[in-house]
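>>> Generate a structure from the sequence data that follows.
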Amino acid sequence: MRITDTSDLWWKNAVVYCLDVETFFDADGDGVGDLQGLAERIDYLAEMGVTCLWLMPFYPTPDRDDGYDVSDHYGVDRRLGSLGDLVELVRTARDRGIRVIADLVVNHTSDQHPWFKEARKSTDNPFRDFYVWRADEPPDTSGQVVFPGQEDSIWEHDERTGEWYLHRFYKHQPDLNVANPVVRDEIAKVMGFWLQTGLSGFRVDAVPFLLETLLERNADDFADPHGYLRSLRRFLQRRTGDAVLLGEVNLPYDKQVDYFGGEDGDELTMQFDFVGMQAMYLSLARQDAGPLADALRRRPVVSPDTQWANFVRNHDELTLDQLSEEERQEVFAAFGPEERMQIYGRGLKRRLPPMLDGDPRRVRMVYSLLFSLPGTPVLYYGEEIGMGEDLDAPGRHAVRTPMQWTAEENAGFSTAPARRLVSPVVTGGFGPQHVNVADQKRDPDSLWSFITRLAQRYRQCPELGWGAYEILEQPHAQVLAHRCTWDDASVVALHNLGPDPVTVPLRLGDVGPGCTLADLLQEGGCELAEGGAAEVLLDGYGFRWLRVRRPGDRRLL
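The predicted model follows:
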């Protein structure tokens with residue numbers, strides 16, 4: 001193994017950090033975060049070990065869905081800055097070793113988008129076929145809505161032309177008709193435009209819905225809807241060879257494989273592991289590693305040119321839709337017993353620390369697990385300091401509160417009056433008086449310092465992103481023991497999901513005499529007996545990263 005090999009597919013061992021520009025840092029004092037403010041905080045991200053910055057939508061928008069209702073795919077929301085500000089941000093980030101990707105929202109647009117305004121003028125308007133229409137009254141589709149309780153159909157009647165348009169999300173977000181080759185050309189232009197500004201790829205929103213339109217509309221030139229994903233990947237690689245498509249595909253593993261392109265790996269570059277994430281929360285609720293271990297065993301081996309992305313939290317609800325109803329209720333009972341903590345009947349509107357009652361042992365164990373799982377870790381802003389949620393905020397906005405920089409007014413996010421902030425700052429035990437960047441950066445024992453160390457160790461262990469992995473057999477149900485190996489590099493990770501200390505017996509049969517296990521997160525390690533046998537002590541909610549060291553090994557860690 002040569003470390004230089006990892007630079008070609010940079011995203012296989014990246015540390016990804018997701019944020020919403022409007023809630024990160026306000027430089028001009030208007031109460032809304034902006035691109036200039038984000039640029040001023042780039043060194044903060046670099047110091048933490050972030051190598052890829054994922055920007056949530058920053059495009060012009062009526063802002064009825066936190067920017068996912070785009071009204072201009074070629075612009076920047078003027079509240080956030082200008083195209084020039086974006087280019088300066090991307091340039092500054094690249095100088096610090098951070099690539100930037102952005103949300104590609106092309107399943108739908110805002111109903112205020114010029115395309116839709118034209119499309120609804122008449123049934124023969126040139127832009128009519130940019131969207132999906134039907135002349136006959138649709139049947140009951142209440143069972144297909146994405147947001148139960150907020151929408152009751154995926155079709156909306158348009159009084160101007162007397163027809164109905166498709167909207168799988170909100171009614172103010174009409175779906176684009178990607179079966180129309182002109183629409184596909186526009187999407188390619190959008191991608192090409194942003195790549196020219198220096199972006200290194202896109203997080204692609206709602207991918208399965210995008211392909212469903214091709215399937216349902218019987219696009220003659222794309223009889224196989226996945227052919228469209230392959231064409232997007234080819235286009236991306238022609239324009240920027242090392243750019244990525246990180247896809248949101250919340251489906252069972254067997255269906256997710258298709259979105260990678262199967263063995264060829266020629267569709268999405270990366271996908272979020274929703275199955276593993278939901279299994280992790282079930283394991284945490286039960287204090288039993290079994291569900292997560294089972295998910296990892298079932299996780300398909302994918303092409304070396306693709307990758308799984310692991311996460312604890314994202315900007316949406318913490319969805320539990322792939323668990324059974326009984327399993328979901330277990331997680332609700334453990335981490336969201338109040339109705340106001342739940343959303344859409346399928347998920348939670350909470351962040352991790354409040355769910356774990358602020359227990360620093362459990363919080364750190366979970367993030368150690370995140371960084372040690374095979375794949376690429378993705379952090380959501382504020383996770384590195386243990387931010388909480390605002391349960392009084394509607395829906396998904398509960399976890400989209402301003403970043404907490406200091407204990408000062410407005411959490412140091414903005415100098416504007418509190419009433420002008422884009423959203424209220426979290427209050428209570430997880431408010432900025434108790435949880436903020438400034439205090440934690442000065443504390444070597446803080447969560448921020450711990451996350452920074454995890455990011456460093458992850459980057460120093462490319463086998464976690466590149467290697468094969470196995471679940472190690474051991475007798476404790478509450479312990480997950482797994483091993484990642486790439487060529488001659490191998491790391492064993494142990495995580496205790498229970499409160500009681502345990503001694504974990506290991507047997508690494510392929511390890512020869514004279515080898516040891518070096519601890520990567522604390523001083524010490526342990527000897528390996530004949531046959532690679534060892535016994536490792538784990539505290540309650542404890543964790544260990546152990547590198548297999550062979551005689552003559554010249555690694556520093």
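
>>> buried stuff in the helix or strand hosting residue 296?
Following DSSP states H and E, one finds residue 296 within helix 290-298. Neighbour counts over helix 290-298 (16 or more other CB atoms under 10 Å) mark 291, 292, 293, 295, 296 as buried. In short, each C-beta sits where N, CA and C put it, glycine included.

>>> could you point out which element follows whichever helix or strand residue 491 is part of?
Assigned by DSSP H and E, residue 491 belongs to strand 489-496. Per DSSP H and E, the first helix or strand lying C-terminal to strand 489-496 is strand 502-507.

>>> roughly how far out does that next one sit from the chain middle?
Centre-to-centre, strand 502-507 and its host chain are 32 Å apart (CA atoms, centre = their mean, to the nearest Å).

>>> Stretch 490-498 too?
22 Å.

>>> how many neighbours does the nearest residue to residue 286 once chain neighbours are set aside have?
Closest residue in space to residue 286, ignoring its immediate chain neighbours: residue 330 at 6.8 Å, by CB to CB, 6 or more residues apart in numbering. Residue neighbour count, defined by other CB atoms under 10 Å, stands at 18 for residue 330.

>>> what comes into contact with the helix or strand encompassing residue 330?
Using DSSP H and E, residue 330 maps to helix 325-335. Helix 325-335 has contacts (CB atoms under 8 Å, 6 or more residues apart in numbering) with 281-282, 284-286, 291, 320, 323, 341-342, 346, 348, 350, 355-356.

>>> So which of those residues are in helices?
281, 282, 284, 285, 286, 291, 355 (DSSP state H).

>>> Quick check: the fourth one vs residue 65, distance?
Put plainly, it is residue 285. As judged by CB to CB, to the nearest Å, residue 285 and residue 65 stand 30 Å apart.

>>> next one: the third one
Distance, residue 284 to residue 65, by CB to CB: 30 Å.

>>> Tell me which of the two has more neighbours.
residue 284 (23 against 20).

>>> Which residues are in contact with that one?
Applying CB under 8 Å, 6+ apart, the residues contacting residue 284 are 334, 335, 356, 362, 366, 497.

>>> residues in contact with the longest helix anywhere in the chain?
For the chain, the longest helix by residue count, based on DSSP H, is helix 181-196. By CB under 8 Å, 6+ apart, the surrounding residues in contact with helix 181-196 are 73-74, 102, 104, 106, 129-130, 176-178, 202, 221, 228, 231-232, 235-236, 239-240, 243.

>>> Would you mark the buried spots in it?
Buried-residue list, helix 181-196, by 16+ other CB under 10 Å: 183, 184, 186, 187, 190, 191, 194, 195.

>>> C-alpha coordinates for the helix or strand just after that helix, PDB please?
Remark: after helix 181-196, the chain's next helix or strand is strand 201-204, criterion DSSP H and E. Presented in PDB, the C-alpha positions along strand 201-204 are these (Å, rounded to 0.1, in the frame of the first residue of the first chain):
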ATOM      1  CA  GLY A 201     -19.100  17.600  -7.500                       C
ATOM      2  CA  PHE A 202     -22.600  17.400  -6.200                       C
ATOM      3  CA  ARG A 203     -24.800  15.800  -3.500                       C
ATOM      4  CA  VAL A 204     -27.800  14.700  -5.700                       C
END
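
>>> Quick one: mean pLDDT over strand 201-204.
Strand 201-204 carries an average pLDDT of 98.

>>> how much space between residue 431 and residue 404?
Distance from residue 431 to residue 404, counting by CB to CB: 8 Å.

>>> Give me the below-cutoff pLDDT ranges for the stretch 151-300 of the chain.
218-221 (pLDDT under 70).

>>> try 90 this time
Low-confidence regions of the stretch 151-300 of the chain, defined by pLDDT under 90, span residues 212-225.

>>> quick one, helices of it?
For the stretch 151-300 of the chain, applying DSSP state H, counting those that start in this stretch gives helices covering 181-196, 207-217, 226-239, 253-260, 274-286, 290-298.

>>> Could you list the buried residues of the fourth one?
It stands for helix 253-260. Across helix 253-260, burial judged by 16+ other CB under 10 Å covers 253, 256, 257, 258, 259, 260.

>>> Format those as a markdown table; extra columns: distance to residue 470.
What follows is the buried residues of helix 253-260, written out as a markdown table (distance: CB to CB, whole Å):
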| residue | distance to residue 470 |
| --- | --- |
| 253 | 17 |
| 256 | 21 |
| 257 | 20 |
| 258 | 25 |
| 259 | 25 |
| 260 | 21 |
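
>>> Nearest to residue 477 among those?
residue 253 (23.1 Å; CB to CB).

>>> Might one say that the closest one is in contact with residue 299?
Yes - counting by CB atoms under 8 Å, residue 253 does reach residue 299; the two are 6.1 Å apart.

>>> Common neighbours of the two, please.
Jointly contacting residue 253 and residue 299 under the rule CB under 8 Å, 6+ apart are residue 275.
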